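Novice: What follows is a predicted protein model with its sequence.
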Amino acid sequence: MVDQERARRQLGLIAEALEAARGGGIPLWLRGGWAMDFFLGEVTRDHGDIDWFAWAEHAEPLARALTRLGHTPVPGPPAGLQLDFVKDGLESSFTLVDRDAAGRVTVAGGPWAGTPWPDGVLGGEPGRIGALEAPIVDPRVQIEIKRMMPVWDPSRPRRAKDAEDIARLEAALGGRAGGEAQSFGVGLGHGLRDQSPRRRDDPDDRT
């Protein structure tokens with residue numbers, strides 16, 4: 001059963017972050033479990049935190065905007081890789097991305113800086129829950145990451161909720177995801193694995 005009060009509070013933080021980012025001309029994209037729910041149009045399960053993508057060039061103004069709204073920075077991730085915040089006991093994580101000379105979206109910092117993320121990762125249509133609309137990671141890319149993470153990193157076996165998320169996304173895509181999902185290769189898998197800092201409440205980035 002979904003904790004409706006927690007979901008309501010997290011949706012409020014999502015709306016707050018989007019409004020603050022838009023005010024500063026800062027694009028954001030939901031990723032992980034909340035991206036799935038915005039694609040599906042409903043809250044399907046509880047979420048440990050709220051995961052985002054943001055451009056590395058906007059890291060400082062984004063941090064200032066969130067701090068003004070009462071978000072407290074959480075130390076830990078490598079500089080240039082990720083920004084973590086907590087507000088009212090709820091965590092938000094902003095993974096930073098960059099572009100390479102070929103225009104591909106890449107990991108912005110850490111030892112795997114420059115590793116490309118999957119093609120089209122930021123190319124999905126916006127999602128919506130109720131009246132709240134948010135940019136989201138492309139659901140086909142999300143399916144591939146969930147499928148391949150246990151192969152890329154055997155220490156992270158697929159969990160029941162991952163299989164359930166894949167089934168939900170594929171059903172919503174009308175069964176087309178299997179034929180259209182891309183294969184991103186072993187090299188990318190290592191980049192995804194090592195550029196996703198482990199968090200206290202969720203040991204990987206597949207919330």
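Specialist: Good, I have the coordinates. These numbers were taken from a predicted model, which means no experiment stands behind them.
Novice: shaky segments in the chain?
Specialist: Scanning the chain for pLDDT under 70 picks out 152-153, 175-207.
Novice: Quick check, central residue of it?
Specialist: residue 31 (2.2 Å; Cα atoms, centre = their mean).
Novice: Specify the beta-bridge partners of that residue.
Specialist: Under DSSP bridges, the beta-bridge partners of residue 31 are residue 51.
Novice: who's in contact with residue 9?
Specialist: 88, 90 (Cβ atoms under 8 Å, 6 or more residues apart in numbering). In this view, the C-beta of every residue, glycine as well, is placed from N, C-alpha and C.
Novice: same check, this time on the one 4 residues further on
Specialist: Residue 13 makes contact with 50, 87, 90, 92 under the criterion Cβ under 8 Å, 6+ apart.
Novice: Not counting sequence-adjacent ones, nearest residue to residue 116?
Specialist: Computed as Cβ to Cβ, 6 or more residues apart in numbering, the closest residue to residue 116 that is not its neighbour in sequence is residue 104, at 4.4 Å.
Novice: isn't the one you found right up against residue 115?
Specialist: No - Residue 104 lies out of contact with residue 115 (Cβ atoms under 8 Å); the separation is 9.6 Å.
Novice: residue farthest from the centroid of the chain?
Specialist: residue 101 (23.7 Å).
Novice: Would you quantify the distance from it to residue 133?
Specialist: 33 Å (Cβ to Cβ, to the nearest Å).
Novice: circling back: count of neighbours near the residue nearest to residue 116?
Specialist: Here the number of neighbours of residue 104 (other Cβ atoms under 10 Å) works out to 16.
Novice: And for the one 5 residues further on?
Specialist: Residue 109: 20 surrounding residues under other Cβ under 10 Å.
Novice: still on that earlier bit, for the residue nearest to residue 116, list the residues it contacts.
Specialist: Residue 104 touches 116-117, 119, counting by Cβ under 8 Å, 6+ apart.
Novice: tell me which of those is nearest to residue 3?
Specialist: residue 117 (30.6 Å; Cβ to Cβ).
Novice: Tell me the backbone dihedrals of the closest one, please.
Specialist: phi -80, psi 170 (degrees, to the nearest 10).
Novice: what two of the contacts of residue 13 are the furthest from one another?
Specialist: 50 and 87 (10.2 Å).
Novice: now the one helix or strand residue 165 maps to, how far from the centre of its chain.
Specialist: Assessed by DSSP states H and E, residue 165 sits inside helix 160-172. On the basis of Cα atoms, centre = their mean, to the nearest Å, helix 160-172 sits 16 Å off its chain's mean C-alpha point.
Novice: longest strand in this structure, by residue count?
Specialist: In the chain, with assignment by DSSP state E, the single longest strand is strand 90-99.
Novice: Show me what that strand is packed up against.
Specialist: When contacts are defined as 3 or more Cβ pairs under 8 Å, 6 or more residues apart in numbering; DSSP states H and E, strand 90-99 packs onto helix 4-23, strand 50-55, helix 59-68, strand 82-87, strand 105-107.
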